[in-house]
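Enquirer: After the sequence you'll find the predicted model.
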Amino acid sequence: QVQLVDSGGGLVQAGGSLRLSCAASGRTFSSYDMGWFRQALGKEREFVAAISRTGLSKYYVESAKGRFTISRDNAKNTVYLQMNSLKPEDTAVYYCAAGSTTGSKRAEDYHYWGQGTQVTVSS
(Lines give C-alpha, C1' and ligand atoms only; values in the text may rest on other atoms or scores of the structure.)
Protein backbone atom coordinates (compact mmCIF):
# COMPACT_ATOMS: atom_id res chain seq x y z
CA GLN A 1 0.00 0.00 0.00
CA VAL A 2 0.93 3.66 -0.26
CA GLN A 3 -0.27 6.54 1.88
CA LEU A 4 -0.67 9.97 0.30
CA VAL A 5 -0.80 13.35 2.03
CA ASP A 6 -1.83 16.39 0.00
CA SER A 7 -0.81 19.91 0.95
CA GLY A 8 -0.29 23.38 -0.49
CA GLY A 9 -3.83 24.57 -1.06
CA GLY A 10 -5.09 27.95 0.01
CA LEU A 11 -6.82 31.17 -0.99
CA VAL A 12 -5.37 33.09 -3.92
CA GLN A 13 -6.53 35.87 -6.19
CA ALA A 14 -7.26 35.25 -9.84
CA GLY A 15 -4.03 35.26 -11.81
CA GLY A 16 -2.04 33.98 -8.86
CA SER A 17 -0.14 30.75 -8.36
CA LEU A 18 -0.05 27.82 -5.98
CA ARG A 19 2.05 24.68 -5.80
CA LEU A 20 0.40 21.57 -4.47
CA SER A 21 2.47 18.73 -3.03
CA CYS A 22 1.64 15.12 -2.40
CA ALA A 23 3.97 13.16 -0.14
CA ALA A 24 3.87 9.39 -0.36
CA SER A 25 4.89 6.75 2.11
CA GLY A 26 4.66 3.00 2.09
CA ARG A 27 5.53 0.89 -0.91
CA THR A 28 7.89 2.13 -3.62
CA PHE A 29 6.62 5.47 -4.88
CA SER A 30 8.36 5.13 -8.22
CA SER A 31 6.29 2.06 -9.09
CA TYR A 32 3.11 4.14 -9.33
CA ASP A 33 1.71 6.39 -11.97
CA MET A 34 0.42 9.54 -10.29
CA GLY A 35 -2.47 11.84 -10.97
CA TRP A 36 -4.21 14.94 -9.70
CA PHE A 37 -7.98 15.26 -9.66
CA ARG A 38 -10.28 17.97 -8.38
CA GLN A 39 -13.83 18.21 -7.19
CA ALA A 40 -15.76 21.44 -7.05
CA LEU A 41 -18.75 21.84 -4.77
CA GLY A 42 -21.74 20.05 -6.26
CA LYS A 43 -19.76 18.61 -9.17
CA GLU A 44 -18.18 15.29 -9.99
CA ARG A 45 -14.51 14.63 -9.47
CA GLU A 46 -12.54 15.43 -12.62
CA PHE A 47 -9.11 14.62 -13.93
CA VAL A 48 -6.54 17.43 -13.93
CA ALA A 49 -3.12 15.95 -14.70
CA ALA A 50 -1.14 12.72 -14.64
CA ILE A 51 2.50 11.73 -14.78
CA SER A 52 4.17 8.43 -15.58
CA ARG A 53 6.38 6.53 -13.16
CA THR A 54 9.57 7.95 -14.65
CA GLY A 55 8.16 11.44 -15.03
CA LEU A 56 8.82 11.45 -18.75
CA SER A 57 5.17 11.41 -19.83
CA LYS A 58 2.64 14.00 -18.68
CA TYR A 59 -1.03 14.42 -19.39
CA TYR A 60 -3.39 17.33 -18.77
CA VAL A 61 -7.03 18.22 -19.02
CA GLU A 62 -7.49 20.80 -21.77
CA SER A 63 -8.30 23.61 -19.36
CA ALA A 64 -4.99 23.09 -17.51
CA LYS A 65 -2.67 23.03 -20.50
CA GLY A 66 -0.25 25.94 -20.48
CA ARG A 67 -1.15 26.89 -16.89
CA PHE A 68 -0.49 23.79 -14.75
CA THR A 69 2.62 21.63 -14.58
CA ILE A 70 2.80 18.22 -12.96
CA SER A 71 6.15 16.89 -11.80
CA ARG A 72 7.55 14.29 -9.45
CA ASP A 73 10.67 13.69 -7.43
CA ASN A 74 11.05 9.97 -6.87
CA ALA A 75 13.94 10.52 -4.47
CA LYS A 76 11.61 12.55 -2.24
CA ASN A 77 8.52 10.41 -2.83
CA THR A 78 6.62 13.51 -3.83
CA VAL A 79 4.48 14.65 -6.74
CA TYR A 80 3.74 18.32 -7.40
CA LEU A 81 1.18 20.37 -9.26
CA GLN A 82 2.34 23.88 -10.08
CA MET A 83 -0.70 26.00 -10.89
CA ASN A 84 -0.25 29.40 -12.54
CA SER A 85 -2.72 31.94 -13.90
CA LEU A 86 -5.39 30.58 -11.61
CA LYS A 87 -9.02 31.29 -12.38
CA PRO A 88 -12.12 31.25 -10.14
CA GLU A 89 -13.28 28.11 -11.97
CA ASP A 90 -10.20 26.30 -10.65
CA THR A 91 -11.72 26.47 -7.17
CA ALA A 92 -12.07 22.91 -5.86
CA VAL A 93 -10.67 20.32 -3.52
CA TYR A 94 -7.61 18.83 -5.19
CA TYR A 95 -6.63 15.20 -4.67
CA CYS A 96 -3.54 13.31 -5.64
CA ALA A 97 -3.85 9.66 -6.51
CA ALA A 98 -1.63 6.67 -7.24
CA GLY A 99 -2.38 4.03 -9.81
CA SER A 100 -0.98 1.57 -12.30
CA THR A 101 -2.38 2.79 -15.63
CA THR A 102 -0.14 5.36 -17.24
CA GLY A 103 -1.91 8.55 -18.21
CA SER A 104 -5.35 7.40 -17.17
CA LYS A 105 -7.99 10.08 -16.76
CA ARG A 106 -10.37 7.70 -14.97
CA ALA A 107 -10.60 7.86 -11.20
CA GLU A 108 -11.34 4.11 -11.17
CA ASP A 109 -7.79 3.42 -12.36
CA TYR A 110 -6.26 4.98 -9.25
CA HIS A 111 -6.05 2.83 -6.15
CA TYR A 112 -4.83 5.21 -3.47
CA TRP A 113 -5.92 8.76 -2.72
CA GLY A 114 -4.80 11.68 -0.64
CA GLN A 115 -7.18 13.44 1.73
CA GLY A 116 -7.49 16.49 -0.51
CA THR A 117 -6.44 20.11 -0.22
CA GLN A 118 -8.75 23.07 -0.80
CA VAL A 119 -7.89 25.60 -3.49
CA THR A 120 -9.98 28.76 -3.58
CA VAL A 121 -9.47 31.39 -6.27
CA SER A 122 -11.15 34.73 -5.72
CA SER A 123 -12.12 37.04 -8.56
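Expert: On my side now, so go ahead.
Enquirer: okay, now Arg38: neighbour count?
Expert: Arg38 sits with 23 neighbouring residues when counted by other C-beta atoms under 10 Å. Placement of C-beta: from N, CA and C, glycine included.
Enquirer: Name the residue closest to the centre of the protein, please.
Expert: Centroid-nearest residue in the chain: Trp36, 2.4 Å away (criterion: C-alpha atoms, centre = their mean).
Enquirer: Next one: that residue relative to Leu4, how far apart?
Expert: 11 Å (C-beta to C-beta, to the nearest Å).
Enquirer: any residues in contact with both of those two?
Expert: Cys22, Cys96, Ala97 (C-beta atoms under 8 Å, 6 or more residues apart in numbering).
Enquirer: Just put those in JSON lines and tack on distance to Lys87 and neighbour count.
Expert: JSON lines is the format used below for the shared contacts of Trp36 and Leu4 (distance: C-beta to C-beta, whole Å; neighbours: other C-beta atoms under 10 Å):
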{"residue": "Cys22", "distance to Lys87": "22", "neighbour count": "27"}
{"residue": "Cys96", "distance to Lys87": "21", "neighbour count": "31"}
{"residue": "Ala97", "distance to Lys87": "23", "neighbour count": "25"}
